[in-house]
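> Let's see this in three dimensions:
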Amino acid sequence: MKLGKFIRLEYTGTLDNGEVFDSTDPKVVEDAFGSTVIILGAGHVLKGLEKGLLEMKIGEKKELDISVEDGFGKRDPKKIKLVSTNKFKSDKIAPYPGLKVTMDGQMATIKSVSPGRVVVDFNHPLAGLKLHYKVKMIEEVLDTKIQIAELMKFHFGRELGFEIKGNQITIENVPKYAQNKLKEELATYTAFKSPSFVELKGETHEEHDQSS
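I've put the predicted structure just below:
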């Protein structure tokens, strides 16, 4: 399979002890969709998983072992930091071991709490671990409307309204933080080089200006 293709796949990722950390199977993970569509080369999946997918054919099932380097990387001791409890008080957070927090735009996990200070780990929870995937490549998605609908689901967990006219596309209610990334993906992997975004309030469909 080549880079730039939209492919539908199912997968389940586990640790060495068999613990599931991610899956598209709703029988395994409650809020899973059942399958997902990704763009090969867009960084939608881990590097190691993408390497395996590039060697697969439509309809093929495969088990892949992902190294630490091709997974979430090695654990970095420099990413474990001491933070004053005053920081959490000002943010109205009661810290406790295991709590997931966002600090300075980064996800982190609280490792321990002691008087006056909190140990915060900014490493990914799966950093330093080998991973295992069971994956099935279901189909290549060629229909443009399905590609766009599935891309919205991948990024936002739901479909967003959109309208296509020729090589122009307008998409409704794309969060501002995601607009630049989405524009880049559309320009790189689809015919829509200048997508437009509109914000609708309480509307499900209306005509939109197609200019960018």
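
> Spit out the contact partners of Pro175.
Contacts for Pro175 (CB atoms under 8 Å, 6 or more residues apart in numbering) come out as Phe156. The C-beta positions use only the backbone N, C-alpha and C, and glycine is treated the same way.

> can you give me the strands for the chain?
Taking DSSP state E, the strands of the chain run over residues 6-14, 20-23, 36-39, 61-66, 80-84, 100-103, 106-114, 117-121, 131-140, 162-165, 168-172, 196-198.

> From Asp31, how far off is the most far-flung residue of the chain relative to its centre?
For the chain, the C-alpha farthest from the mean C-alpha position belongs to Pro115; by CA atoms, centre = their mean, that distance is 36.4 Å. Taking CB to CB, to the nearest Å as the measure, Pro115 falls 39 Å from Asp31.

> Could you report the separation of the closest residue to Glu172 other than its chain neighbours from Glu199?
Using CB to CB, 6 or more residues apart in numbering and skipping the chain neighbours, the partner closest in space to Glu172 is Gly161 (3.9 Å). Spatial separation of Gly161 from Glu199 under the definition CB to CB is 11 Å.

> how does the chain divide into domains?
If the domains of the chain are taken from automatic domain parsing, they occupy 1-73+128-142, 77-121, 144-212, with pieces of a single domain joined by a plus sign.

> can you list the ones you listed in a markdown table and add mean pLDDT?
Rendered in a markdown table, the data for the domains of the chain read as follows (pLDDT from 0 to 100):
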| stretch | mean pLDDT |
| --- | --- |
| domain 1-73+128-142 | 94 |
| domain 77-121 | 91 |
| domain 144-212 | 84 |
